[in-house]
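> Kindly generate the corresponding structure for this input.
(2 chains)
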Amino acid sequence: MMTVLFTGMVVLSVLFGLLTGRMDAVSTAAITSCGKGVELVLSLLGAMCLWSGVMEVARKAGLTELLSRLFSPVTRRLFRGIRPKGKAMEAITMNLAANLLGLGNAATPLGITAMQEMAKEERSGKVATNNMILFVVLNTASLQVIPTNLILLRTQAGSQNPAELIPAVWLASLASILVGVTAAKLLERMGRR
Amino acid sequence: MIRFTDCLIPLVIGGILLFGACRGTDVFASFLDGARSGLATGFSILPALVALTTCVGMFKASGALDLFCCALAPLGNLLGLPKEVLPLAMLRPISGSGAMVIFQDILSSVGPDSFAGRVAGVMLGSTETTFYTIAVYFGAAGIQKSRHTLPSALSADLTGFVVSALLVRLLFGVA
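Have a look, this model is predicted:
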């Protein structure tokens, strides 16, 4: 997918540049914009270190476990048929808690464990089970409490109030999660008939 | 006047450090461990960001991006999305680095506190790299038939986009 995207965009740019006669601009862009990638990483690096550091403190202090215990009444209802005290459920709640804290590095391995444990517990074979689909849909929605990269990029762009979007981000995430979960639950019922 | 949104980041950082200290965690050592992994993440996304800033930069310079935005503008109108954010909506489910690059580009051309700039921000914050997540998780569990995963996940993304524009219009107006 990324190959198609990357190659496609570059080839289209060249064709377009030829058609519009803006080859000079395309040429300049090719040489200069690659450096912007490095600048972007360097500008994000400090904040990435800060948040990874703070969240590592949260993880070591047991905040992820605490949050996942708070979630368990909700996850028990959402993921019907998964044993409440099993390994799969534990990985599911831990993954959701890690996502909430913005612990991307911890969330992905936990999510993979959750999928593998669900595959064992529900004997999925090669077909995704309803619970797996629900779990993946929850992970494709953003649950992060503090959207750190967003705030940093806004600050760098000279925003007057970079954090002002946070409540809107929460509401939009919530709407998106509700629709995702509802869609998953509705479509699973349609498939059964 | 103290604004609620200004309190969030300091409170979260301070709260977590205090929580760690009360729980008897070695706060500083843990912070350094985490920061080191943040550094590693930063460098690991560098090649992808270089690739994407290059292709986005060329795409924009050639005039293709403008044409693309104008071609999709009717669809954007239908969903209530300004045309500047449409490339972000297309790229967001596919590539996290690409979304960041496009987002930065949108902010530099329309400004972070403009209507389109704010909508782009809420969109970026409220959605995820859907295709990548699906590929990684189903790949790890050996699943080949994903059934209704993609329609459910994409309907969530679309909702996120439309609601982003609605909320910005409601909370900040169309400035």
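> Now do the buried residues in stretch A:98-112.
Neighbour-count burial for stretch A:98-112, counted by 16 or more other CB atoms under 10 Å in any protein chain shown, picks out A:98-108, A:110-112. The C-beta positions use only the backbone N, C-alpha and C, and glycine is treated the same way.
> out of those residues, which touch chain B?
Checking the buried residues of stretch A:98-112 against chain B by CB under 8 Å from any CB of the partner chain, the ones in range are A:Gly104, A:Asn105, A:Thr108, A:Gly111, A:Ile112.
> Turn these into a markdown table, including distance to B:Ser164.
Below are these laid out as a markdown table (distance: CB to CB, whole Å):
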| residue | distance to B:Ser164 |
| --- | --- |
| A:Gly104 | 21 |
| A:Asn105 | 26 |
| A:Thr108 | 25 |
| A:Gly111 | 25 |
| A:Ile112 | 29 |
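> Out of those, which comes closest to chain B?
Chain B has its nearest neighbour among those in A:Ile112, at 4.2 Å by CB to the nearest CB.
> List the buried residues of the longest helix anywhere in chain B.
As assigned by DSSP state H, the longest helix anywhere in chain B is helix B:27-61. Buried residues in helix B:27-61, defined by neighbour count with 16+ other CB under 10 Å: B:27, B:30-31, B:33-35, B:37-39, B:41-42, B:45-46, B:48-61.
> What's the first helix or strand after it?
helix B:64-79 (DSSP states H and E).
> That following helix vs helix B:27-61, what angle?
100 degrees (axes from the mean of the first three to the mean of the last three CA atoms, to 10 degrees).
> Put the alpha carbons of stretch B:65-75 into PDB.
Extracted C-alpha coordinates of stretch B:65-75, given in PDB (Å, rounded to 0.1, in the frame of the first residue of the first chain):
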ATOM      1  CA  LEU B  65      -2.500  18.700  -4.700                       C
ATOM      2  CA  ASP B  66      -4.500  21.800  -5.600                       C
ATOM      3  CA  LEU B  67      -6.300  19.900  -8.400                       C
ATOM      4  CA  PHE B  68      -6.900  17.000  -6.100                       C
ATOM      5  CA  CYS B  69      -8.500  19.300  -3.400                       C
ATOM      6  CA  CYS B  70     -10.700  21.100  -6.000                       C
ATOM      7  CA  ALA B  71     -11.800  17.800  -7.500                       C
ATOM      8  CA  LEU B  72     -12.900  16.500  -4.200                       C
ATOM      9  CA  ALA B  73     -14.400  19.800  -3.000                       C
ATOM     10  CA  PRO B  74     -18.000  18.800  -3.800                       C
ATOM     11  CA  LEU B  75     -17.600  15.700  -1.700                       C
END
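> quick one: average confidence on it?
Mean per-residue pLDDT for stretch B:65-75: 91.
> Repeat that for stretch A:19-31.
92.
> and the nearest residue to A:Val127 once chain neighbours are set aside, how many neighbours does it have?
Spatially, and ignoring its direct neighbours in sequence, A:Val127 is nearest to B:Lys145 (4.3 Å; CB to CB, 6 or more residues apart in numbering or on different chains). Neighbour count for B:Lys145, taken as other CB atoms under 10 Å in any protein chain shown: 11.
> Dihedrals phi and psi, B:Lys145?
phi -100, psi 110 (degrees, to the nearest 10).
> Okay, the residue of chain B positioned farthest from its centre and chain A: tell me how far apart.
Here chain B reaches farthest from its C-alpha mean at B:Gly24, the gap being 35.0 Å by CA atoms, centre = their mean. According to CB to the nearest CB, to the nearest Å, B:Gly24 stands 8 Å off from chain A.
> in the chain, which ranges drop under the pLDDT threshold?
Picking chain A for this. Confidence mapping of chain A against pLDDT under 70 gives the ranges A:1, A:191-193.
> wrong one, chain B
If you take pLDDT under 70 as the line, chain B has these spans: B:175.
> And the helices in chain A, which stretches?
Using DSSP H, helices in chain A cover A:2-20, A:23-60, A:63-78, A:87-100, A:104-121, A:130-140, A:148-156, A:166-192.
> A:Gly102 touches A:Leu150, doesn't it?
No. In this structure A:Gly102 lies outside contact range of A:Leu150 using CB atoms under 8 Å: 10.9 Å.
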